[in-house]
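In: A structural model of the following input is requested.
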Amino acid sequence: MGHAPHRHRPRYGPRRRTAPGSPPGTLVVDPQAPAPRMQVFCYGADAFREVPEASLDDVAAPVEGRTLWLNVDGLGHADTLKRIGERFGLHPLALEDVVNVHQRPKFEAYDDQLFLIVRVPLAPADAVAPGQIGLHTEQVAICLGRAQVVTFQESAGDAFEPVRHRLRTASSALRRRGADYLAYALLDAAIDAYFPLLEAFGERLESLESEVVERPQREHATRIHDLKRDLLTVRRAVWPMRDLLAAMLRDDTPLIDEHTRVYLRDCLDHTIQLIDIIETYREIASGLVDIHLASVSNRMNEVMKVLTIIATIFIPLTFVAGIYGMNFDPGAGPWSMPELGWRYGYPAVMALMLTVAVGLVLWFRRLGWIGPERVR
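Out: Residues are numbered from 1 along each chain as shown. This next block holds a predicted model:
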């Protein structure tokens, strides 16, 4: 599935649509959000059913030994979301967090459900090239019950397609596990979606570093700023996921068995790897600012040095030319300028000026001020 074009988003802060002082659990949806589209998977070790375009009538309570996954794409219809919440007994506060898509990743434990908020990158890795508008992330809500998982996404297109492919494969271990393992698989897919993105960031950093050192340009400052802003967006999405997973591992809930906790610890390890990569890239990006400024300054110094050397060479030549540019009478007494009437006066002055210029160049070269390695 391809990602749907995203709407205009605030650059620095979310837009909360719930009025201040509203009762808890109030649902105020984005009028521009797409209408909900539902997809249902019901599976077990010996059974599998998929309904790509489902309605609530297609969602039946799972029988013993089977797991139900309802995926909802689009949050643009409050009544539909309320009906889903009533059908699966979702807590009103959880449903309110579903429609308020500015949430940071978090974990909440309710009576018989676990509620997770994660963020996945909206754009694929090839959408972080220079010239693109800033990177955005999409909120994904995961509601885990005893035998069902309900996921809510802002729009169609996600990181869960590998999970769907595994469910469609009869030999997959996912078909023999419960709802907690499905929630782990979805969470793992959301986390792994950041690795290709960070690989693209790494290539972008290497390219920028080479260009900044070899050919510093004015637009490099803008590209570095855009890269730092995208890394900050990824950092805000990934850092809280470490706390989310740690809270899940600490929580003594019967909804997650010990077998799944082992895999959740692996998810936590992947998250820590992502955080290390993000912090490393942010330090490199900050260093690129200093490198860019130093490269521009060094280039300016080289240009100024070349111009200064040229001016220094022409200063004595200008002095000589200024003297012989005065209109003195060559026969006006002992203090006259006899070279003005001399037959070889002009070539002699040219030879003197050439000798001074060559001598200065050789002197500057001997001092190490100019040379092939000095002037670019």
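In: so residue 50 is in contact with residue 68, correct?
Out: No. Here residue 50 does not reach residue 68: they are 11.5 Å apart, not a contact under Cβ atoms under 8 Å. Backbone N, C-alpha and C define where each C-beta goes, glycine included.
In: got any residues that touch both of those two?
Out: Taking Cβ atoms under 8 Å, 6 or more residues apart in numbering as the criterion, residue 50 and residue 68 both touch 40, 41.
In: more neighbours: which of these two?
Out: Neighbour totals were compared for residue 50 and residue 68, and residue 68 leads with 22 against 14 (other Cβ atoms under 10 Å).
In: quick check: next helix or strand after whichever strand or helix holds that one?
Out: For residue 68, the element it lies in under DSSP states H and E is strand 67-73. Remark: after strand 67-73, the chain's next helix or strand is helix 78-88, criterion DSSP H and E.
In: list the buried residues of that following helix.
Out: 80, 81, 84, 85, 88 (16 or more other Cβ atoms under 10 Å).
In: residue 135: which of these is nearest?
Out: Nearest to residue 135 out of the buried residues of helix 78-88 is residue 81 (Cβ to Cβ; 27.3 Å).
In: got a list of what the closest one touches?
Out: Residue 81 neighbours (Cβ under 8 Å, 6+ apart): 27, 29, 36, 72, 75, 95, 98, 99, 152.
In: change it to 7 Å
Out: 27, 36, 75, 95, 98, 99 (Cβ atoms under 7 Å, 6 or more residues apart in numbering).
In: could you do residue 220 as well?
Out: 208, 211, 212, 292.
In: tell me the gap between the one helix or strand it maps to and the middle of its chain.
Out: Taking DSSP H and E as the definition, one finds residue 220 inside helix 219-250. Distance of helix 219-250 from the chain centroid (Cα atoms, centre = their mean, to the nearest Å) equals 8 Å.
In: can you check stretch 259-274 too?
Out: Chain-centre distance of stretch 259-274: 23 Å, with Cα atoms, centre = their mean.
In: list the buried residues for it?
Out: Quick answer for stretch 259-274 (16+ other Cβ under 10 Å): 260, 263, 264, 267, 268, 270, 271, 274.
In: check stretch 166-173 too.
Out: Within stretch 166-173, the residues that qualify as buried are 166, 167, 172, counting by 16+ other Cβ under 10 Å.
In: so the second one touches residue 177, yeah?
Out: What that stands for is residue 167. No. Counting by Cβ atoms under 7 Å, residue 167 stays clear of residue 177, with 10.7 Å between them.
In: in this protein, which helix has the most residues?
Out: Ranked by number of residues, the top helix in the chain under DSSP state H is helix 258-324.
In: what mean pLDDT does that helix have?
Out: The average pLDDT within helix 258-324 is 86.
In: figure out how far it is from the centre of its chain.
Out: Per Cα atoms, centre = their mean, the centroid offset for helix 258-324 relative to its chain is 20 Å.
In: go on, stretch 310-329?
Out: Here stretch 310-329 shows a centroid-to-chain-centroid distance of 60 Å under the convention Cα atoms, centre = their mean.
In: quick check: domain ranges of the protein?
Out: The record's domain split for the chain, according to automatic domain parsing, is 37-294, 302-367.
In: measure the first one end to end?
Out: The one in question is domain 37-294. Domain 37-294 has an end-to-end distance of 53 Å (Cα to Cα, to the nearest Å).
In: now do the last one
Out: One end of domain 302-367 to the other measures 16 Å (Cα to Cα).
In: burial measure for residue 23, as a count.
Out: Residues near residue 23, counting by other Cβ under 10 Å: 8.
In: got it, and residue 347?
Out: Using other Cβ under 10 Å, the number of residues around residue 347 comes to 9.
In: residue 359 now?
Out: Counted with other Cβ under 10 Å, residues neighbouring residue 359 total 12.
In: in this protein, where is pLDDT below threshold?
Out: Scanning the chain with the threshold set as pLDDT under 70 gives 1-19, 21, 60-63, 123-134, 326-341, 371-376.
In: redo the buried residues of stretch 166-173 as a markdown table? Include secondary structure.
Out: Formatted as a markdown table, the buried residues of stretch 166-173 follow (DSSP: H, G, I helix; E, B strand; the rest coil):
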| residue | secondary structure |
| --- | --- |
| 166 | helix |
| 167 | helix |
| 172 | coil |
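In: closest to residue 366 out of the residues you listed?
Out: residue 166 (73.5 Å).
In: contact partners for that closest one?
Out: With Cβ under 7 Å, 6+ apart, residue 166 has these contacts: 172, 174.
In: mind starting the numbering at 31 from now?
Out: OK, 31 is where the count begins now, so the last one is residue 196.
In: and it, how far from residue 227?
Out: With distances taken as Cβ to Cβ, to the nearest Å, residue 196 is found 22 Å from residue 227.
In: what number of residues lie near residue 208?
Out: Neighbourhood size, residue 208 [other Cβ under 10 Å]: 20.
In: correction: the previous question concerned residue 258.
Out: 16.
In: likewise residue 205?
Out: 20.
In: which residues touch it?
Out: 73, 75, 78, 197.
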